[in-house]
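1. here is a sequence with its predicted model. Questions after.
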Amino acid sequence: MKDTPNIEYIENLARGNEDFKRKLIGVIQKELPVERNVYIKNFNAGDFEEASQNVHKLKHKISILGLNKGYSLAEELERSLKNNTPLNNSHTEFINLLQIMEDFVAAL
Amino acid sequence: MNCIIIDDEILARTIIGGFCSNVQEINVVGEFPNAIEAIKFLNHHEVDLIFLDIHMPDFTGFDFIQTLKDPPKIILTTSDKNFAIEAFEYECIVDYIVKPITEERFFKAIQKAKVVELPQINGTAKRSTMVNEDTENHLYVNIDRRLIKINIPDIYLIEAKGDYICVKTDAKNHIVHSTMKKIQEKLPQELFLKIHRSYIINLRRIIDIEDNSVLIAKDVIPVSRSNKPELMKRLNLL
């Protein structure tokens, strides 16, 4: 099954409250690009400990958008960064995942 | 119940705040992106419940709990399942919720918080003895948004430096944005004495006294005329 972002969780939280739904989406639209940029900056600077913290934080948004495979990818990347042995493939995949998420929320 | 939410992620604070707004008994009195701001708030306000994220930059949720002398009930919120065992070492932690938080799980945690009583000692809620002992021997200072733990007996000198103070220990000097008055209030009076408007010394670390100066570690410190009688009184003179 394809891992595509969705707002099922947000819809459940909002329970028909459109204002709250928009508020949550607005927060993701605002926070996600910032957190992605911080992650990329830390990764490129070789600060893998900080980068692992950034991935950890991003996991929440990944799970909120219902991306189960993406969550597993983030867990794997977080572990490898913590061990100071980042996997380049995972990093690239992760960047792609964040881009998919960003495009998705931007269109909401 | 008055509660606060501590989480560096706006989204997490928004979600928890949203859940809280659906519970009549819960009143959110503050939201904080880091532990330091929450500590400042708690210095002047009492709360019944804290929603606390474990993973935060500089200062983790567990570090935060250890600074609390009298912690209220705490519900931990985290994306990590691996801290559950450590979490329940603290009596004040009533529940542990893994993100993303569902409404059902949130209400279950609230029910627990309502029912659970913190252990009582002499009529007051027990708030982790270990933490009390810890804070009596240590001082936390705010440096660059980090709370640094300093062992009080290791402090031998505090020097005023404009809007800052320099807290000197054998291992390191800490420059802190604070005042002599504030730090003096936090230090045990039997151990520390202000001997000059710009200096507080640890009496146990005096090496010698000559006229109007004190040698403490490698520093020669002036003693003001007005403070000298108190200094002499505190010495065990032969």
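-> Perfect, thanks for sending it.
2. might you enumerate the residues of chain B proximal to chain A?
-> B:8-12, B:14-15, B:18, B:55, B:57, B:79-80, B:99-100, B:102-103 (CB under 8 Å from any CB of the partner chain). Placement of C-beta: from N, CA and C, glycine included.
3. residues contacting stretch B:222-238, please?
-> Applying CB atoms under 8 Å, 6 or more residues apart in numbering or on different chains, the external contacts of stretch B:222-238 come out as B:Leu193, B:Lys194, B:Ile195, B:His196, B:Arg197, B:Tyr199, B:Leu203, B:Ile206, B:Ile209, B:Asn212, B:Ser213, B:Val214.
4. what about those, which one has the most neighbours?
-> Looking at the contacts of stretch B:222-238 with neighbours defined as other CB atoms under 10 Å in any protein chain shown, the largest count falls to B:Ile195 at 27 neighbours.
5. where does chain A have low pLDDT?
-> Where chain A drops to pLDDT under 70, the residues are A:1-2.
6. about what we covered before: return the member of the contacts of stretch B:222-238 nearest to A:Leu81.
-> Taking CB to CB as the measure, A:Leu81 sits nearest to B:Tyr199 out of these, at 46.2 Å.
7. so how far is chain A from that closest one?
-> When CB to the nearest CB, to the nearest Å is the yardstick, B:Tyr199 and chain A sit 39 Å from each other.
8. helix, strand, or coil at the closest residue to that residue other than its chain neighbours?
-> Taking CB to CB, 6 or more residues apart in numbering or on different chains as the measure, B:Tyr199 lies nearest to B:Ile221, with 5.0 Å between them; neighbours along the chain are not counted. With DSSP: H, G, I helix; E, B strand; the rest coil as the basis, the three-state label of B:Ile221 is strand.
9. show me what contacts B:Asp80?
-> Contact analysis of B:Asp80 by CB under 8 Å, 6+ apart lists A:His56, B:Ile54, B:His55, B:Val98.
10. go again with 10 Å.
-> B:Asp80 sits next to A:His56, A:Lys59, A:Glu75, A:Glu78, B:Ile54, B:His55, B:Val98, B:Lys99 when contact means CB atoms under 10 Å, 6 or more residues apart in numbering or on different chains.
11. would you check which pair of the residues you listed lies furthest apart?
-> Greatest spacing in these, by CB to CB: A:Glu75 and B:Ile54 (16.0 Å).
12. of these two, who's got more company?
-> When neighbours are counted by other CB under 10 Å, A:Glu75 and B:Ile54 differ, and B:Ile54 comes out ahead with 22 against 16.
13. what separation do you get for the residue lying closest to the more buried one once chain neighbours are set aside and B:Ile50?
-> Here the nearest residue to B:Ile54 in space, its sequence neighbours aside, is B:Gly61; by CB to CB, 6+ apart that works out to 3.9 Å. Spatial separation of B:Gly61 from B:Ile50 under the definition CB to CB, to the nearest Å is 9 Å.
14. between these two, what contacts are shared?
-> Taking CB under 10 Å, 6+ apart as the contact criterion, the residues that touch both B:Gly61 and B:Ile50 are B:Ile6, B:Ile74, B:Leu76, B:Ile93.
15. give the contact list for B:Lys99.
-> With CB under 10 Å, 6+ apart as the criterion, the residues that contact B:Lys99 are A:59-61, A:63-64, B:7, B:9, B:11-12, B:15-16, B:53, B:55, B:77-80, B:105.
16. right, I'll call it a day here.
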